[in-house]
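In: Here is my input; please provide its structure:
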Amino acid sequence: MHRFSAVVVLVLLTACGVNERDSAHTATTATWSSNAGTAFVGVEEMTGLHGMTEAGTIEILGEPDFRQDITLHAGETLPEFFIEVHNTYRPDDPSTEGRVIRHLQWERDGYSEAVFLHQPSPDGEWMVLESVKWSDDVEF
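Out: Predicted structure coming up:
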């Protein structure tokens, strides 16, 4: 029965034009499947990526089009685009000083995706802290 189910799913995915990368993306974003075949509009988090390693994220989303490391400073607020980072690293918290956030971004057809990574422990692995997906009509 399980083998039959797997074959049916594979046939359906193939018939719908879903490739391996799309199916991995479906597993990581809650509303991706509801947007399949239609233009994405708006802003959403890609919570399925939260806590994932940098390497795992790149395996799913591909090589980023943009990469930037940002050093945080206590008392300084990041631009609105990065506002979710402040849920973990508050500007009024002295321990924010010197923390580094890695920003990776992908430009897609009609929308963009970005993740913000941190190293929860000194010299630890980069992990996704926050994420955002937005359509081209959105301005931050």
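In: now Phe66: how far from Val41?
Out: Using Cβ to Cβ, to the nearest Å, we find Phe66 at a distance of 22 Å from Val41. Any C-beta I mention is one placed from the backbone N, CA and C, and that applies to glycine too.
In: burial measure for the closest residue to His73 other than its chain neighbours, as a count.
Out: Among residues not flanking His73 along the chain, Glu97 sits closest, at 5.9 Å (Cβ to Cβ, 6 or more residues apart in numbering). A total of 13 residues lie near Glu97 under the criterion other Cβ atoms under 10 Å.
In: hang on, Leu104 packs against Ser112?
Out: No - using Cβ atoms under 8 Å, Leu104 is not in contact with Ser112, being 11.2 Å away.
In: Show residues contacting stretch 82-90.
Out: Applying Cβ atoms under 8 Å, 6 or more residues apart in numbering, the external contacts of stretch 82-90 come out as 45, 70, 72, 77-78, 96, 99, 101, 103, 116, 118, 129-130, 132.
In: Show the buried residues in the residues you listed.
Out: 72, 78, 96, 99, 101, 103, 116, 118, 129-130, 132 (16 or more other Cβ atoms under 10 Å).
In: still on that earlier bit, Leu104 and Ser112: which has the busier surroundings?
Out: Taking neighbours as other Cβ under 10 Å, Leu104 and Ser112 compare with Leu104 leading, 22 against 17.
In: Run through the strands of this structure in chain order.
Out: Ranges of strands in the chain, per DSSP state E, are 43-44, 66-71, 100-107, 111-118, 127-135.
In: Columns distance to Phe82 and mean pLDDT on top of these, output as JSON lines?
Out: Shown next, in JSON lines, are those (distance: least, Cβ to Cβ, whole Å; pLDDT from 0 to 100):
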{"stretch": "strand 43-44", "distance to Phe82": "14", "mean pLDDT": "92"}
{"stretch": "strand 66-71", "distance to Phe82": "7", "mean pLDDT": "97"}
{"stretch": "strand 100-107", "distance to Phe82": "7", "mean pLDDT": "97"}
{"stretch": "strand 111-118", "distance to Phe82": "7", "mean pLDDT": "97"}
{"stretch": "strand 127-135", "distance to Phe82": "8", "mean pLDDT": "96"}
